[in-house]
Structures are given as C-alpha cells and as structure tokens.
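J.: coords please:
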Amino acid sequence: MEQRPKGLSTLALLALIIGIFSFVAGLALMFGGALGSAFGDATGGTITVLGAVMFGLAFASFLLGYGFWAMKPWARGAAIVVFTVSVAVNVATVIFLDANVLSIIVPVGVAIAAMWYISQPQTRAALTR
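T.: You can find the predicted model right below:
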C-alpha cells in the first residue's frame with residue numbers, strides 16, 4: 001500500500017472538521033430560518049435554503065475526508081466542487097445575512113489553500129494512482 005502524503009492526511013482531517021462545523025451551522029440556519037418564517041421574517045426562506053446547502057456541504061465534506069484519506073481518484077474533483085461551494089456559501093452569508101466579512105476570511109482562505117494544494121503535481125499524482 002502506498003503511503004499517503006501528509007498534506008492529504010491534513011486535508012482529510014480538515015474536511016472532517018469542516019463537515020462537523022457545517023453540519024451544526026446548517027442545522028442552526030435551517031431551524032432559525034424556519035422559526036423566522038413562522039414569525040413572519042421575510043428572510044426566513046433564504047436563511048433556510050442557505051442552511052440546507054450548508055447541511056448538504058457537511059455530508060459532502062465527510063465524504064471528501066474519506067476520499068482524501070483513502071486517496072480516491074475522485075477526491076480531487078470532489079474537492080474542487082466542495083471548496084467552491086463552500087466559498088460561495090460563505091460569501092452568501094455576508095451578502096444575505098449581513099455577516100461580518102472578517103468572519104469568512106479563515107474558511108475562504110482554507111478553501112483557496114486546499115484547492116491550491118490539490119492542484120500541485122505531487123498531490124495530483126497521489127490522487128490518480
């Protein structure tokens with residue numbers, strides 16, 4: 001069995017952590033959006049949809065963590081999709097929920113760094129074996 005690069009092990013752990021946070025945030029947003037809609041908040045539906053996307057992103061992140069850990073060939077393509085959606089969701093939280101721009105610096109930075117790492121030739125080679 002081939003040895004997994006340390007960077008892929010780190011990305012697998014990071015994907016798991018992102019999945020946990022996205023799961024909790026997605027549930028909170030869906031619950032808050034539904035509650036807001038029940039009390040007549042005009043943005044409740046938007047918040048619920050954003051929460052559902054984040055909830056789905058959590059499951060995709062868990063799957064991605066497995067893909068990195070097992071060095072599956074599909075992990076690189078899945079990572080591009082998951083991290084791109086993650087950036088879009090974070091930007092949407094700033095636009096639609098009036099979140100502080102500073103609150104998305106770390107998640108967006110991590111997503112960009114991860115996409116850079118998986119585009120490196122040695123990482124690409126490890127994921128295509």
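
J.: what about the closest residue to Gly51 other than its chain neighbours, neighbour count?
T.: Beyond its immediate neighbours in the sequence, the residue positioned closest to Gly51 (CB to CB, 6 or more residues apart in numbering) is Leu29, lying 2.8 Å away. Bear in mind the C-beta positions are built from the backbone N, C-alpha and C, glycine included. By the measure other CB atoms under 10 Å, the count of residues near Leu29 is 23.

J.: and Leu29, how far from Ala92?
T.: Note on Leu29: its distance to Ala92, by CB to CB, to the nearest Å, is 11 Å.

J.: which residues are in contact with each of those two?
T.: Taking CB atoms under 8 Å, 6 or more residues apart in numbering as the contact criterion, the residues that touch both Leu29 and Ala92 are Leu50.

J.: related to what we said a few turns ago, list the helices and strands the helix or strand that contains the residue nearest to Gly51 packs on?
T.: Using DSSP states H and E, Leu29 sits in helix 6-38. In terms of contact count using 3 or more CB pairs under 8 Å, 6 or more residues apart in numbering; DSSP states H and E, helix 6-38 is assigned the packing partners helix 44-69, helix 75-97, helix 105-118, helix 121-127.
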